[in-house]
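1. A predicted structure for the sequence below; I have some questions about it.
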Amino acid sequence: MSKDIKKTEEIKEKKIPELKTGMTIKIFQKIKELNASGKEKERIQFFEGIIIAKKHGNETGGTIIVRKISNGVGVEKIFPLNLPAIEKIEIKKIANVKRSKLYFLRRGYKKRLKEKVVA
């Protein structure tokens, strides 16, 4: 029981910035790998893209879908907000959008979103 309480306290201590759809963010995530000799190695990898959907708010099961275009191919990742492997989240740009879900970006939206640079 005490382990579960400690984990929930750690999750609450973790500062998650106020995320909204249309923001361009950079998510830093810890990744554990095994090298050739069998030793476990840990590194930090980032994923930068635009938030196209946010589901379930800041609950324990809340998620965001981040999309980027890599070599002409759209790549989407779903990140649980309370994932312990997430090191930090940086906000790069904020776009003015009038929708809560930006799924229309998947179909090759030609116009640019009006953005303002934060960092």
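-> Received, thanks.
2. hang on, isn't residue 96 packed against residue 114?
-> Yes - shown here, residue 96 and residue 114 form a contact pair, counting by C-beta atoms under 8 Å, at 4.9 Å. Every residue, glycine included, has its C-beta placed from N, CA and C.
3. Can you list the low-confidence ranges for this structure?
-> Low-confidence segments of the chain, defined by pLDDT under 70, span residues 1-14, 119.
4. just the helices in it please.
-> Taking DSSP state H as the criterion, the chain contains helices spanning 2-13.
5. and residue 23, how many neighbours does it have?
-> Other residues lying near residue 23 total 23 when counted by other C-beta atoms under 10 Å.
6. and it, how far is that from residue 64?
-> Applying C-beta to C-beta, to the nearest Å, one obtains 9 Å for the distance of residue 23 from residue 64.
7. Quickly list what's touching both of these two.
-> Here residue 23 and residue 64 share the contacting residues residue 51, scored by C-beta atoms under 8 Å, 6 or more residues apart in numbering.
8. Hmm, residue 82 is touching residue 57, no?
-> No - look at residue 82 against residue 57 with C-beta under 8 Å: they stay out of range, at 11.6 Å.
9. When the two are compared, which one has more neighbours?
-> The residue with more neighbours, out of residue 82 and residue 57, is residue 82; 19 against 8, by other C-beta under 10 Å.
10. what does stretch 28-35 rub up against?
-> Stretch 28-35 has contacts (C-beta under 8 Å, 6+ apart) with 40-47, 79, 83, 85-90.
11. Fine, thanks again, bye for now.
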